[in-house]
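> What follows is a predicted structure for the sequence shown.
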Amino acid sequence: MIAALLVPMVVHDTYIRHLFIIAFIYGVVAASWDVTLGYGGIFNFAHVSFFGIGVYATGLTAKLLGLDPWLAMLFGGVAASAAAVIVAVPVVRLQGVYVVLVTFAFSQLVLQLVISQSQVTGGTQGMVRVPTLWLPGYNFLRDYKFGYYYVALGLLVITTICLRWLVRSNFGLSIKALRDSEDYAVSRGIPIAWQRLKALVASAFFPGVAGGLYAVYLRVASPEIFDFSTSSLILSMVLVGGISSIYGPIVAAFLLTFLSEGLANINNFAEGRFMVVAAAMVIVLLFFPKGLASALPTHFAKKAAQRASTLAKPKGA
Amino acid sequence: MTADTLSAILVSGIVLGSGYALMASGLSLVWTTLGIFNFAHGVLMTLGAYVAWTVSDSAGLNLGLAAGIAVTVAALIGVGILIERVIVRPFYSNRDILLITVMTTLAAMIFLQKGIQLLWGARLKQLQPLVAGNVRILNTTISAQETLVIVVAPLLLGALWLFLSRTRIGRGIRAVGQNPDAARLIGINVSQLFIVTFALSAVLAGLTGVLLGSVRLLTPEFGSDPLVKALIIVIFGGLGSLAGTIAAAYLMGLVEAALTFFIGIYWTPSMIFLMLIIVLLVRPQGLLGKVVR
């Protein structure tokens, strides 16, 4: 945490700072995805489209309506949550593969809508010259990404705190209960549709804001965000990091952002890096079905057990 | 609405529906038999069209379309078997097989799509039409290739139905779909049939690609839109029912053609999604499906 605060003091290269900012943003998306996918057990594949909706909602309101970019970012979160309500209406009543199909269809249809409304959204070309963030007397564009670094880091920290609180609250416990034993949880009076709706709406807010930051930071909104490759990149962060752990996806977001950007610098390999990420995802699923994080806790658990047993021994025995 | 617009909507709806029916039936076949959803199905269609292009086009090997189709069929049998072996088979005994295979087939889709982009580049390509010229049907002029799609799709689907209902392997596939444990007990080689099913579905996708590759332009994302439509169709038609899937495919084609005519191409996708939500709210099992839990 402190190390993350100090990074910009040490790293003066704007490209490396850029990678950190992107990793923070992806971290927000991946960690919040884990609330519905990991903790809720809802096969929600629309999460990246919530991110994309945040990008476009912020871009459109900031550019066309002249809304203050800070407020536009928040609006991105609100718009993503509103979209989550629309997705939730059919999803809360369905099960298993139907949930996957509906959420997938939703994200593709949002993409179609963005492409087709080209007079507003710029169609396949995307939307450029989105207004940047500003503070009185401070220029975000001329500080070698210093300001954006801290905004993105701040967003990640706030998101992490909120998500931790969310999954540990009674509400978080109830969606875990629904995941683990639906019939039992329902019989104990947990309203399944209502809890799932709340989980989707709450977890959609964070990628919405992250999308807003993405839009005002890169100053573009392009339909590639809705592409399957973005989905699979962030999905692989959730999987590699390990589901049902908020921190795992964040760590994986760093690893994979730097890995995939590093590969992108190899000549003519900008597209090929997604092949590597896809292959990595399959390999992790084959050998660590619960994510790489699942390999670590057993190690820590052993250590803890050892310590506990040494403590339990009476002194001098 | 005049009779001419009605027939125009009918004809273009049937063209769309034929393509969707071929795509959705392959998807539905794998779902019924193996209980998994193959998200790489769309990219298999793309792959089929690109392989056929390479073999048949003058800029490629220039061996003619017949050779192109033959190589496509062979290549897709291979890829289908490979996908089944590498990313589906290891998870058969897993409790979360449905979710895991969604992820692995999604990964396969990205892998193949980006691979196609690396191998063939992003430049647009188009297959030679199998038949040239235009045909007038019901006062509407469409290309002969589109007519071919209308004719070939029901033939292929009929052949699929005959295969599933008359041959020993086909009946075995249906038996596995109904109850894999019972099928194993009576001596059916289940894992062999899984491979056959996967290869068959891949070939269906590849042939769809060859048929549509001369109607539309080839891009690495060629199969994405048909995949999403096929997913929606499979939900509409009800999971596990091949007849329901095919009926829903033609219905979807007609609805799409009508919506495109009346409200324009811009709003059609959102309207289709809205319809999907409404159908699922009223009948969560799909229009023709049975309740499965």
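Okay, I see it.
> Now do the contacts for residue 87.
Let's take chain A. A:44, A:46, A:102-103, A:106, A:200 (CB atoms under 8 Å, 6 or more residues apart in numbering or on different chains). C-beta here means a position set from N, CA and C on the backbone, and glycine is covered the same way.
> Sorry, I should have been clearer: chain B.
So, once contact is read as CB under 8 Å, 6+ apart, residue B:87 ends up touching A:282, B:101, B:104-105, B:107-108.
> most neighbours, which of the contacts of residue A:87?
residue A:46 (31 neighbours; other CB atoms under 10 Å in any protein chain shown).
> For the closest residue to that one other than its chain neighbours, grab phi and psi.
Computed as CB to CB, 6 or more residues apart in numbering or on different chains, the closest residue to residue A:46 that is not its neighbour in sequence is residue A:103, at 3.9 Å. Note on residue A:103: backbone dihedrals following degrees, to the nearest 10 are phi -70, psi -40.
> repeat for residue A:41
Per degrees, to the nearest 10, the backbone of residue A:41 is at phi 60, psi 20.
> That one: how many residues sit nearby?
21.
> what sits against it?
Neighbours of residue A:41 in contact, by CB under 8 Å, 6+ apart: A:175, A:178-180.
> And the pLDDT for it?
Turning to residue A:41, the model gives it a pLDDT of 84.
> ok, now residue A:143?
The model reports residue A:143 with a pLDDT of 68.
> just residue A:61 next, same as before
91.
> Residue A:85 too?
Reading off the model, residue A:85 has pLDDT 93.
> Just list the residues touching residue 213, thanks.
The chain I'm using is chain A. Contacts of residue A:213 by CB under 8 Å, 6+ apart are A:25, A:73, A:148, A:151-152, A:155.
> was after chain B, sorry
Residues in contact with residue B:213 (CB under 8 Å, 6+ apart) are B:48-49, B:52-53, B:126-127, B:222.
> Just give the number of residues close to residue B:167.
Residue B:167 has 11 nearby residues by other CB under 10 Å.
> average pLDDT across stretch B:146-156?
Confidence for stretch B:146-156, expressed as mean pLDDT, is 90.
> Extract the C-alpha set from it and format it as CSV.
C-alpha atoms of stretch B:146-156 as CSV (Å, rounded to 0.1, in the frame of the first residue of the first chain):
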residue,chain,number,x,y,z
GLU,B,146,-28.6,-16.6,-51.1
THR,B,147,-31.1,-18.9,-52.8
LEU,B,148,-28.5,-21.7,-52.4
VAL,B,149,-28.4,-20.9,-48.7
ILE,B,150,-32.2,-21.3,-48.5
VAL,B,151,-32.1,-24.6,-50.3
VAL,B,152,-29.0,-26.2,-48.7
ALA,B,153,-29.8,-25.3,-45.1
PRO,B,154,-32.9,-27.5,-44.9
LEU,B,155,-31.1,-30.3,-46.8
LEU,B,156,-28.2,-30.2,-44.3
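> what does the stretch 101-250 of chain A have sitting close to chain B?
A:101-102, A:104-106, A:108-109, A:112-113, A:116-117, A:228-229, A:231-232, A:235-236, A:239 (CB under 8 Å from any CB of the partner chain).
> measure residue B:61 to residue B:51 for me?
Counting by CB to CB, to the nearest Å, the gap from residue B:61 to residue B:51 is 11 Å.
> Ignore what I typed, I meant residue A:249.
37 Å.
> Among these two, which residue is more densely surrounded?
Taking other CB under 10 Å, residue A:249 and residue B:51 do not tie; residue A:249 has more neighbours (33 against 25).
> In this structure that one contacts residue A:37, no?
No - using CB atoms under 8 Å, residue A:249 makes no contact with residue A:37, being 9.6 Å away.
> Count the neighbours of residue 262 for me.
All of this is about chain A. Count around residue A:262 with other CB under 10 Å applied: 11.
> hmm, I had chain B in mind actually
So residue B:262, with other CB under 10 Å, has 13 neighbours.
> wait, does the helix or strand where it lies make contact with chain A?
Using DSSP states H and E, residue B:262 sits within helix B:242-263. No - Helix B:242-263 lies apart from chain A when judged by CB under 8 Å from any CB; the minimum separation is 11.1 Å.
> which residues touch residue 42?
No chain specified, so I'll use chain A. By CB under 8 Å, 6+ apart, the contact list for residue A:42 reads A:36, A:91, A:99, A:196, A:199-200.
> hm, I was asking about chain B
Residue B:42 neighbours (CB under 8 Å, 6+ apart): B:23, B:109, B:205, B:223-228, B:230.
> give me that answer again for 7 Å
B:109, B:223-224, B:226-227 (CB atoms under 7 Å, 6 or more residues apart in numbering or on different chains).
> Now for the contacts of residue A:42: which two are most distant?
Using CB to CB, the pair of the contacts of residue A:42 lying farthest apart is A:99 and A:199, separated by 12.4 Å.
> neighbour-wise, which of the two wins?
residue A:199 (27 against 24).
> My impression was that the more buried one belongs to a helix - is that right?
Yes - assessed by DSSP: H, G, I helix; E, B strand; the rest coil, residue A:199 belongs to a helix.
> can you list the weak-confidence ranges in the chain?
With no chain named, the answer covers chain A. Where chain A drops to pLDDT under 70, the residues are A:1-3, A:8-9, A:137-139, A:141-144, A:267-269, A:290-317.
> Let me rephrase: I mean chain B.
For chain B, residues meeting the criterion pLDDT under 70 lie at B:1, B:286-293.
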